[in-house]
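Chemist: Okay, sequence plus prediction incoming.
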Amino acid sequence: MFMNKMRGSAKVVMLAMVVAFAAWLVLDGITAMQGGGIAGASNPVVGTVGGRDIRLAEWNAFLTNRLAIARGAGGTMTDEEVFSTTEDAWEGMIQAALIQAQLDELGIVISDAEIQQAFLTRPPAEFMEYPAFRTDGEFDIRKYQQFFTDPTTDEQTLLEMENYYRAILPTSKLDEMVLSGVHVSDSEAWEFYRDANETTRVRFVKLHPDQAVTDAEARTLITEDRIRAAYNERREDFINPPTATVNLVTLDLVPSAEDTTEARTRAQELADRLAAGEDFAELATAESDDSVSAAVGGQMGWRPRTTYDPALVAAAEEAGPDHFAGPVETAFGIHLLRTEQESADSLALSQILVRVEVSRTTEDDFFDRLELLEETALLHGLEAGALAADTDVREDVVLIDGTSFVPGVGQLSVGVDWAFGDDVLPGDVSEVYENSVGFNLLELVQVTPESQVSLEDARNNLEAQLLRETKAELAQGPARELLAAIQGGETMDDAAARLELAVEEPPEFGRYDFVPGLGQRSEAIGASFGAAVGAVFVAETRDGPAVIEVLERMEVDRADYESIAPFVMEQIRSQMAAAYAQQWIAGARETSLIEDHRARLDELAELAAQQVSF
């Protein structure tokens, strides 16, 4: 079953690879006549990293493996998910190439034995969620090992797994190399442990700039010269990013009225069987569409009433204990219910769920309509396509380059990427892109390049920034006056009361905790640990100064540290090694020439199709 799903999920991917490969072969014939090109005779170059060629076969194997793992047991992915996974895979391939170059330089290789060991002992995280590899809800590595050591296991799957480990083991090797060169002293480990576990208790008076300083007082210091100077200093903050304006049609595959009627009929038939005396638990096990509750006779567990859909609670209350209720419709489907136990605030319900699902007829009708939309739009424009498909066009939807969000549709990187493509012109219509919301078709209206926001357009935003900054600076005066009064002998309570300010005293906290009023990892938090008990001082928070008094310091016991010192040192070494490895990869990427020829595949696939058709 598992392998059938994997084979099924790979069909679309492999079809795309075949078309792409055919495209390169066609290009070989063309470029041979023209005297050259980037294509090879049988295994063309799709990119280069630091002078190292990435060939089509290598990229296909890497991508196929990533897509197969991303599909997991579900078997399908939307266009948006495929696009995102593909881009992540390309980044992974670049990183693997950079690491491999370093390993080659050092003469380090990944042996077959290392791959085999990783294969059997380090399963991909996604595989650990597969039901076939779980026992009593937990991952069972024996089932995983048995599956992949079975002689009948598909050879293509084994090859994909080998490619997966050949891709990730170089990074692990680099981490190990870096880790071997990282040394942590006992004093460094003790400081890390102390900082992570030490707590303190303070009280403070917060001087909110909006309360301590009036807008009028602050505005007297915001001159035209200061505004212009701030604009010149912050010009990079006032850039309009490139945008694309598109028209958009979205169609969603949902159950039809007939599908809903069919589900209601089935639910009523089940209700009639219950009324005739059939056992609820046995019927739930045999007929419920919720496999989790069906496995235990429909039981949903003892839960607070607030965790159930209100419609279910209302129906259960009306029917009473030991009586079945329903059919009841919710967003999850149609339910038949029985109350097993109840209290004032909790319920134990059992259910038989009938899902309202899309029928084959509805699905066929939908894709016929979608095909009509796409074909008409490509020939006559999106408006004509929408008219033919009896749907609406959302006009002038603005997309921002570098983002994946499309207003009203959500994440649609593949659509944004299309709109900003170099070969896409106003009036062009995209292919259909599927995401979690539905099936989307875009028509480009225009692309607006990056531009500088003028001073006048930025003025309101800039003046608001300067007003906040000026008020925060001016609030330092009252804060210092309050500190001087306390240091002069006045209590914090009396000094705060005189200024009509509140004294706040949060519970004890650690260096990395969020503290209301003081923030997280702020200057105020750091100073609260740096100052001695009894000290009073002024420190900045994110939204103004605070006068802080340290009340108590809960220091950690050195003996507690000593008992786990080796573990602490290893934790620090691992974190430092990972950070160093990432820094190295970032540096290597910055200094390496990286070329991406994948965009040619789409063009060449179309060329191949034209050549083959003749």
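Modeler: Nice, I can see it.

Chemist: What is the least confident helix or strand in this protein?
Modeler: When the helices and strands of the chain are compared on mean pLDDT, DSSP states H and E, helix 2-34 comes out lowest with a mean of 36.

Chemist: Tell me the helix or strand right after that one.
Modeler: Next helix or strand after helix 2-34 toward the C-terminus (DSSP states H and E): strand 45-49.

Chemist: any chance you could map the helices in the stretch 351-500 of the chain?
Modeler: 360-380, 382-388, 413-419, 455-474, 476-487, 492-498 (DSSP state H, counting those that start in this stretch).

Chemist: Quickly compare the ones you listed and say which is most buried.
Modeler: helix 413-419 (a mean of 22; mean count of other C-beta atoms under 10 Å). Every C-beta, even on glycine, is put in place using the N, C-alpha and C of the backbone.

Chemist: So what's the predicted local confidence for Ser228?
Modeler: Actually, residue 228 is Arg. It isn't Ser. On the pLDDT scale, Arg228 is placed at 96.

Chemist: ok, now which ones touch it?
Modeler: Arg228 makes contact with Leu455, according to C-beta atoms under 8 Å, 6 or more residues apart in numbering.

Chemist: how far out from the middle of the chain is the host helix or strand of it?
Modeler: Using DSSP H and E, Arg228 sits in helix 224-233. Its chain's C-alpha centre and that of helix 224-233 lie 38 Å apart, by C-alpha atoms, centre = their mean, to the nearest Å.

Chemist: Just the CA atoms of it, as CSV, please.
Modeler: Output of helix 224-233 as CSV, limited to C-alpha atoms (Å, rounded to 0.1, in the frame of the first residue of the first chain):
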residue,chain,number,x,y,z
GLU,A,224,12.3,70.8,8.6
ASP,A,225,16.1,70.4,8.6
ARG,A,226,15.8,67.4,10.9
ILE,A,227,13.1,65.8,8.8
ARG,A,228,15.2,66.2,5.6
ALA,A,229,18.3,64.8,7.4
ALA,A,230,16.3,61.8,8.7
TYR,A,231,14.9,61.2,5.2
ASN,A,232,18.4,61.2,3.7
GLU,A,233,19.7,58.9,6.4
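
Chemist: Check whether Glu160 really touches Arg66, as I assumed.
Modeler: No: look at Glu160 against Arg66 with C-beta atoms under 8 Å: they stay out of range, at 9.5 Å.

Chemist: Who does Thr250 form a beta bridge with?
Modeler: Asn440 (DSSP bridges).

Chemist: what about it, how many neighbours?
Modeler: Neighbour count of Thr250, defined by other C-beta atoms under 10 Å: 20.

Chemist: for Leu347, which residues make a bridge with it?
Modeler: Arg303, Glu342.

Chemist: Quick check: Trp190 touching Arg558?
Modeler: Yes: counting by C-beta under 8 Å, Arg558 is a contact partner of Trp190 at 7.4 Å.

Chemist: ok, which stretches of the stretch 201-350 of the chain are strands?
Modeler: When assigned using DSSP state E, counting those that start in this stretch, the strands of the stretch 201-350 of the chain occupy the ranges 239-240, 243-251, 299-304, 324-330, 333-342, 346-354.

Chemist: In a markdown table, list those strands along with distance to Pro478 and mean pLDDT.
Modeler: Below are the strands of the stretch 201-350 of the chain laid out as a markdown table (distance: least, C-beta to C-beta, whole Å; pLDDT from 0 to 100):
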| stretch | distance to Pro478 | mean pLDDT |
| --- | --- | --- |
| strand 239-240 | 37 | 94 |
| strand 243-251 | 45 | 96 |
| strand 299-304 | 48 | 89 |
| strand 324-330 | 56 | 90 |
| strand 333-342 | 58 | 91 |
| strand 346-354 | 52 | 92 |
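
Chemist: Could you export the ones you listed as JSON lines, including distance to Phe439?
Modeler: Output for the strands of the stretch 201-350 of the chain, formatted as JSON lines (distance: least, C-beta to C-beta, whole Å):
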{"stretch": "strand 239-240", "distance to Phe439": "31"}
{"stretch": "strand 243-251", "distance to Phe439": "5"}
{"stretch": "strand 299-304", "distance to Phe439": "34"}
{"stretch": "strand 324-330", "distance to Phe439": "26"}
{"stretch": "strand 333-342", "distance to Phe439": "23"}
{"stretch": "strand 346-354", "distance to Phe439": "27"}
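
Chemist: To Arg166, which of the ones you listed lies closest?
Modeler: Across those, Arg166 has its closest neighbour in strand 243-251 (38.7 Å, C-beta to C-beta).

Chemist: Which strands or helices does the closest one pack on?
Modeler: helix 360-380, helix 382-388, strand 394-400, helix 413-419, strand 439-448 (3 or more C-beta pairs under 8 Å, 6 or more residues apart in numbering; DSSP states H and E).

Chemist: mind putting these in a markdown table, distance to Ala118 and mean pLDDT included?
Modeler: Formatted as a markdown table, the helices and strands packed on strand 243-251 follow (distance: least, C-beta to C-beta, whole Å; pLDDT from 0 to 100):
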| stretch | distance to Ala118 | mean pLDDT |
| --- | --- | --- |
| helix 360-380 | 41 | 94 |
| helix 382-388 | 49 | 96 |
| strand 394-400 | 41 | 95 |
| helix 413-419 | 31 | 93 |
| strand 439-448 | 40 | 96 |
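
Chemist: among these, which is nearest Asp279?
Modeler: helix 360-380 (32.2 Å).

Chemist: thinking again about what came up before, out of the helices of the stretch 351-500 of the chain, which gets nearest to Arg52?
Modeler: helix 413-419 (25.6 Å).

Chemist: With just CA atoms, put that closest one into PDB.
Modeler: Below are the C-alpha coordinates for helix 413-419, written out as PDB (Å, rounded to 0.1, in the frame of the first residue of the first chain):
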ATOM      1  CA  SER A 413       4.600  31.800  -4.800                       C
ATOM      2  CA  VAL A 414       4.300  30.100  -8.200                       C
ATOM      3  CA  GLY A 415       1.800  32.800  -9.300                       C
ATOM      4  CA  VAL A 416       4.000  35.600  -8.000                       C
ATOM      5  CA  ASP A 417       7.000  34.100  -9.700                       C
ATOM      6  CA  TRP A 418       5.100  33.900 -13.000                       C
ATOM      7  CA  ALA A 419       3.900  37.500 -12.800                       C
END
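
Chemist: Which residues does it contact?
Modeler: Contact with helix 413-419 is made by 79-80, 82-84, 87, 244, 246, 399-401, 403-404, 406, 409, 424, 430, 433, 440, 442, 444, 447, as judged by C-beta under 8 Å, 6+ apart.

Chemist: If you count surrounding residues, which of Trp190 and Arg558 has more?
Modeler: The residue with more neighbours, out of Trp190 and Arg558, is Trp190; 17 against 11, by other C-beta under 10 Å.

Chemist: what's the closest non-adjacent residue to that one?
Modeler: Setting aside the residues directly before and after it, Trp190 is nearest to Tyr561 in space (C-beta to C-beta, 6 or more residues apart in numbering), at 5.8 Å.

Chemist: Gly408 now?
Modeler: Excluding the flanking residues, the one nearest Gly408 by C-beta to C-beta, 6+ apart is Arg394, at 6.4 Å.

Chemist: Same question for Leu593.
Modeler: Gly50 (6.4 Å).

Chemist: quick one: low-confidence ranges for this protein?
Modeler: For the chain, the stretches flagged by pLDDT under 70 are 1-42, 73-75, 601-614.

Chemist: hmm, 50 instead?
Modeler: 1-41 (pLDDT under 50).

Chemist: from memory Ile334 sits against Val356, does it?
Modeler: Yes: if you go by C-beta under 8 Å, Ile334 and Val356 touch, sitting 6.8 Å apart.

Chemist: residues shared between the contacts of the two?
Modeler: In contact with both Ile334 and Val356: Ala263, using C-beta under 8 Å, 6+ apart.

Chemist: what residues are up against Leu378?
Modeler: So Leu378 contacts Gly385, Val429 (C-beta under 8 Å, 6+ apart).

Chemist: 10 Å instead, please
Modeler: Neighbouring residues of Leu378 by C-beta atoms under 10 Å, 6 or more residues apart in numbering: Gly385, Asp428, Val429, Ser430, Glu431, Leu441, Glu443.
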